[in-house]
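In: Any chance you could fold what I've pasted below:
(chains A and B)
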2 protein chains.
Amino acid sequence: MTVLPPALELLIEALGALPGVGTRTAERYAYYLLKADPAVAGRLSTALVSVHDKIGYCQKTFALVPAGQDLSDLYTDPGRDKQLVAVVAEPFDIVALEKIGQFKGTYHVLGGLVSPIDGIGPEQLHIAELIKRIDEDKVKEIILATNASVEGESTALYIQQQLGSRKVKITRLARGLPVGVDLEYADQITLGRALEGRTIF
Amino acid sequence: MTVLPPALELLIEALGALPGVGTRTAERYAYYLLKADPAVAGRLSTALVSVHDKIGYCQKTFALVPAGQDLSDLYTDPGRDKQLVAVVAEPFDIVALEKIGQFKGTYHVLGGLVSPIDGIGPEQLHIAELIKRIDEDKVKEIILATNASVEGESTALYIQQQLGSRKVKITRLARGLPVGVDLEYADQITLGRALEGRTIF
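Out: Predicted structure coming up:
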């Protein structure tokens, strides 16, 4: 005896594959899609079909680009400084940095962070391509814009080591108190970094 | 200049239509689907296409059934007592009750709860069909298995009023302390109900 129709079970199962989505959430999504205008499920279905066909990676920066386009607009734009490169872990980090609207350099997506526990070694990241790019584009500064996590720090350290004697300036994002956060609520490590990195007032 | 390929923007937008999913979560889902085996997105896409075509409602109980099937297996099963009906708000409530494995009656899905704030009046729920069913199937007991919320309570009350002088027994799920929860963490209303509904030890 089936409590739910097989088509719905399949949908719940497929939605349950999304990260952080358990059965309850998948059921809620599925039931919402069932009750909503069929166009909502239709749009999602269509978008899913094209996600692999219509999206590619920039050959130089590994940012996401429309399929068939070799280079990211953020790289080819003449208004962008190719000698200033922000190194990020994932393509969405670019979205976060672009939202500030301050950065006029280019990006380099590593495609992850060094994480032995997940079996990700530095050779799986686009580090060799970064070094090649530093040489080719005569990059003056790279900003290591990786997460303030163990993986982010060790990846940054690894890249620094790989760059060896190259004369490129290596910077990283400041660590300190998040804006709007009370000092008493900041964790000890953040507070320690904020103290270490204190600036002249 | 596009930071993300249009195909990805579309997917993020479509995923953002899911209940409780904001842009950040939609981005996380989209990026996961992009990085995962294309079969994952493919399965979801296929499941979405058939959700409206392959799922229908039981003519009698309004439970979800495979399209083309008139009556729910849970209703037609001769092992199920048609004279005992659990009245629930949504089809997934049946899944929750079936998981207990104790209930041998049948179900009736209202298709929502009375909620003036959402513009849902009693006439939009399957209450008239419930009353018809009570008469036709000579129902002896209906269990009002609606949520212990304002909407759940007022829907239950409305149904009780509609049943008028019919000799059907009306019960509802017990309110009280959730099993495994410390008394000191229970909210006052729950505790009040637990006290009111106290049973002989």
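
In: Give me the phi and psi angles of A:Tyr107.
Out: phi -120, psi 160 (degrees, to the nearest 10).

In: so how far is A:Phe62 from it?
Out: Look at A:Tyr107 and A:Phe62: by CB to CB, to the nearest Å, they are 9 Å apart. For glycine as for every other residue, the C-beta is placed from the backbone atoms N, C-alpha and C.

In: okay, the two: which has more neighbours?
Out: A:Tyr107 (26 against 21; other CB atoms under 10 Å in any protein chain shown).

In: Please look at that one and A:Leu74 and confirm they touch.
Out: Yes - using CB atoms under 8 Å, A:Tyr107 is in contact with A:Leu74, at 6.1 Å.

In: Which residues are in contact with each of these two?
Out: Shared contacts of A:Tyr107 and A:Leu74 (CB atoms under 8 Å, 6 or more residues apart in numbering or on different chains): A:Thr61, A:Ala63, A:Ile94.

In: Which one (most neighbours) among those residues?
Out: Using other CB under 10 Å as the neighbour test, these are led by A:Thr61, with 27 neighbours.

In: which SSE is the closest residue to A:Ser50 other than its chain neighbours in?
Out: Among residues not flanking A:Ser50 along the chain, B:Ala7 sits closest, at 4.9 Å (CB to CB, 6 or more residues apart in numbering or on different chains). For B:Ala7, the enclosing helix or strand under DSSP states H and E is helix B:6-15.

In: ok, now A:Ile142?
Out: A:Ile142 belongs to strand A:141-144 when assigned by DSSP H and E.

In: That strand: which residues count as buried?
Out: A:Ile142, A:Ile143, A:Leu144 (16 or more other CB atoms under 10 Å in any protein chain shown).

In: List every C-alpha atom in the next helix or strand after it, with coordinates, as CSV.
Out: The first helix or strand that comes after strand A:141-144 along the chain, using DSSP H and E, is helix A:150-163. The C-alpha trace of helix A:150-163 is given here as CSV (Å, rounded to 0.1, in the frame of the first residue of the first chain):
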residue,chain,number,x,y,z
VAL,A,150,41.6,26.3,8.9
GLU,A,151,41.2,25.3,5.2
GLY,A,152,41.2,28.9,4.0
GLU,A,153,44.4,29.7,6.0
SER,A,154,46.2,26.5,4.9
THR,A,155,45.4,27.1,1.3
ALA,A,156,46.6,30.7,1.6
LEU,A,157,49.8,29.5,3.2
TYR,A,158,50.3,26.8,0.5
ILE,A,159,49.9,29.4,-2.3
GLN,A,160,52.3,31.8,-0.6
GLN,A,161,54.9,29.0,-0.4
GLN,A,162,54.4,28.1,-4.1
LEU,A,163,55.0,31.6,-5.2
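
In: Can you tell me which helices and strands helix A:150-163 packs against?
Out: Applying 3 or more CB pairs under 8 Å, 6 or more residues apart in numbering or on different chains; DSSP states H and E, we find helix A:150-163 packed against helix A:127-136, strand A:141-144, strand A:169-172.

In: Would you mind giving the ones you listed as a markdown table with mean pLDDT and distance to chain B added?
Out: A markdown table is the format used below for those (pLDDT from 0 to 100; distance: least, CB to the nearest CB, whole Å):
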| stretch | mean pLDDT | distance to chain B |
| --- | --- | --- |
| helix A:127-136 | 95 | 18 |
| strand A:141-144 | 93 | 17 |
| strand A:169-172 | 91 | 22 |
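
In: Take the ones you listed and lay them out in CSV including distance to B:Glu98.
Out: Output for those, formatted as CSV (distance: least, CB to CB, whole Å):
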stretch, distance to B:Glu98
helix A:127-136, 53
strand A:141-144, 53
strand A:169-172, 54
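
In: Need the winner for burial among these.
Out: strand A:141-144 (a mean of 20; mean count of other CB atoms under 10 Å in any protein chain shown).

In: Off-centre distance for that one?
Out: Distance, stretch centre to chain centre, for strand A:141-144: 16 Å (CA atoms, centre = their mean, to the nearest Å).

In: list the contacts for the closest residue to A:Ala148 other than its chain neighbours?
Out: Spatially, and ignoring its direct neighbours in sequence, A:Ala148 is nearest to A:Arg175 (5.6 Å; CB to CB, 6+ apart). Contacts for A:Arg175 (CB under 8 Å, 6+ apart) come out as A:Ala148, A:Thr190, A:Arg193, A:Ala194, A:Gly197.

In: And what about A:Gly56, helix, strand or coil?
Out: When classified by DSSP: H, G, I helix; E, B strand; the rest coil, A:Gly56 comes out as strand.

In: Show the contacting residues for the residue lying closest to it once chain neighbours are set aside.
Out: In space, and not counting its chain neighbours, A:Gly56 is closest to A:Ala67: 4.4 Å by CB to CB, 6+ apart. Going by CB under 8 Å, 6+ apart, A:Ala67 touches A:Asp53, A:Lys54, A:Ile55, A:Gly56, B:Pro5, B:Ala7.

In: thinking the last one is in contact with A:Val49, fair?
Out: Right, B:Ala7. No - B:Ala7 lies out of contact with A:Val49 (CB under 8 Å); the separation is 9.6 Å.

In: Need the per-residue pLDDT for the closest residue to A:Leu130 other than its chain neighbours.
Out: Spatially, and ignoring its direct neighbours in sequence, A:Leu130 is nearest to A:His108 (5.1 Å; CB to CB, 6+ apart). Predicted confidence (pLDDT) at A:His108: the value is 97.
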